[in-house]
Structures are given as C-alpha cells and as structure tokens.
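Peer 1: missing the sequence, but the structure's below:
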C-alpha cells in the first residue's frame, strides 16, 4: 500500500543540506504537523482532511524517516527543527503554527523556541519533553528509551522484523484497538525497513542528552505564544499542561478521553477539533 491522501500532494524539499518529504494540501493559515516514532507523515492522514478546509496543511517525514533523507548526523532536535522551519519557508510560509506528537513534539518545542518570529502557535501531543523537571524520572521508566539509545543493537535485532516490532509496540500504546489498522502498521513497518531508516529513528533517541541540555536553555526565555498541550487520558494527558507551563506562559489543553499515546490515530476527530478551536481562538 502506497501512502497517498486525496487532495494532498507530495514533494521532496531541499533544506538544511538534505531532502525532506513534505505532503501539502488545503488552504488558509499554515500549520505544520510533525509525527512521532515509529510513524511517518501518515500518522496525520485522518486529521489532515479535517483541517484542510480552514488551513494550509503541511505534514512531513522527519529526518531519518519515511522518504526523507537519513544522513549520518543531525538528529538533535534543534537541527531537526531547522529542517522543519526551512521546509515551511521553502513552501512560502514565513509564519505558521506547528503541532508535534511524540518525537515530533520534541522537535516542535525547539522550533518555537529558536524560530520565535516564525512560529505563531505551538501544539504538543502526548510526549515527555527533554528539559522538563520530570524528564529523567520518566525516561528511566520507559524501557524503549534505553533500547533505542543503544548503539547498533536495535538495528541488528529489528532487521527483517520491522512489522513485528512496530505492531507490538503500537498495540501496547493503544486504548481503543478498534482504531488499530493493520494496513497503517504495514505502512510504518515498510517505511522503517527502507535503508537507513531504522538507524535514523534510533538516532532521535541517541540525541536525548544534547536535547535535554538545550531545552534547559530554552526555559530561560519562556515562550509567549499560545501553546496547546494534549494527551491521552491513559498516557501523558494529565502531565501535558503543567509540563508545558515550564516552557511557556500561555498554555491550555488537557486529556483526550478513552485514548492512549497515539492520539491522532485513536481520536482524530477530537485532535482536529481541538487544533481548530485553538488556532481560531488566537
């Protein structure tokens, strides 16, 4: 199955010394959507059509994922934020909103902190953030952080088993399994099986020490833009607003009911409605 979405077009955008796969559609004020692990831009395929009537929607594969390049380095989130910012500028969007889930949320925060004149709104979905006071304790209890940070071992063990790992990993983090589509899992697994992409995804985790140090600096200049924090009530929902208040002064949000980590997969209508209300209110 090829991941294509009616009304949206894909293109490779040269930015920051690499090429990034971007998917665009809709019309109106621009919003950038950043996916998490082990997904690709396809994470947002249920949300994008719901936003397209009101917004120019851009979803992209992060450095190291999908059809974007997977270079040897540059996986600290500040560099990945530069990738994302330059994609928006290349597409003609000098000012824009950004929404990130999971690793994408870890990219969206520095994007807002570094590119302050460009980012108008920030939304972060269901992720513990480097720099948060609870970061070390949370990172220590998430088994996959340590596994993914191990050098070379995950690549060796996951080779040829991408579908097994992705399906089990995501199933563990769903609450409503009626929204768990095997066809979507196959898209993510096949994307991970492309040369270098398993390594690319692991490098996101291997940069966490640098990301944490950088995020502590961001906190010294709190964001003044509107910020939305959302998460599943079965995962990080209760932590999102207090966490983001450590980085920003204008924060709202909360939990999505009957939902775990993959909020855009499980509850796309609620995610889209929350984003629309958030972006139109400010």
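Peer 2: Yep, it's here. These figures come from a predicted structure and were not determined experimentally.

Peer 1: Which residue ranges of the stretch 151-282 of the chain form strands?
Peer 2: Along the stretch 151-282 of the chain, the stretches classed as strands by DSSP state E, counting those that start in this stretch are 227-232, 251-256.

Peer 1: Show me which strand runs longest in this protein.
Peer 2: For the chain, the strand with the greatest residue count under DSSP state E is strand 18-26.

Peer 1: ok, then the element right after it?
Peer 2: strand 30-34 (DSSP states H and E).

Peer 1: can you list contacts of that following strand?
Peer 2: Strand 30-34 is contacted from outside by 41, 43-44, 47-48, 51, 55-60, 62, 84, 87-88, 91, 93, 95-101, 103-105, 107-108, 121, 275, 279, using Cβ atoms under 8 Å, 6 or more residues apart in numbering. C-betas here are computed from N, CA, C, even on glycine.

Peer 1: Paired strands for it, with orientation please.
Peer 2: strand 56-60 (parallel), strand 96-101 (parallel) (DSSP bridges).

Peer 1: Out of these, which is closest to residue 196?
Peer 2: Checking the strands paired with strand 30-34 against residue 196 by Cβ to Cβ gives strand 56-60 as the closest, at 17.3 Å.

Peer 1: gap between the closest one and the chain center?
Peer 2: Here strand 56-60 is found 12 Å from its chain centre; the criterion is Cα atoms, centre = their mean, to the nearest Å.

Peer 1: and the angle for the longest strand of the chain with strand 56-60?
Peer 2: Strand 18-26 and strand 56-60 are oriented at 150 degrees to each other (axes from the mean of the first three to the mean of the last three Cα atoms, to 10 degrees).

Peer 1: thinking again about what came up before, may I see the strands of the stretch 151-282 of the chain organised as a markdown table, with mean pLDDT added?
Peer 2: Below are the strands of the stretch 151-282 of the chain laid out as a markdown table (pLDDT from 0 to 100):
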| stretch | mean pLDDT |
| --- | --- |
| strand 227-232 | 98 |
| strand 251-256 | 97 |
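
Peer 1: which of those strands sits most buried?
Peer 2: Comparing those by mean neighbour count (mean count of other Cβ atoms under 10 Å), strand 227-232 ranks first with a mean of 27.

Peer 1: Need the contact partners of that one.
Peer 2: With Cβ under 8 Å, 6+ apart, strand 227-232 has contacts from 99, 112, 121-127, 175, 237-241, 243-244, 247-248, 250-256, 259-263, 266-267, 271, 274-275, 278.

Peer 1: Give me the subset of those residues that lies in helices.
Peer 2: 112, 237-241, 243-244, 263, 266, 271, 274-275, 278 (DSSP state H).

Peer 1: Buried subset of these as a ChimeraX selection?
Peer 2: A single ChimeraX command is used to select the members of these judged buried by 16 or more other Cβ atoms under 10 Å:
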select :112,237,239,240,241,243,244,263,266,271,274,275,278
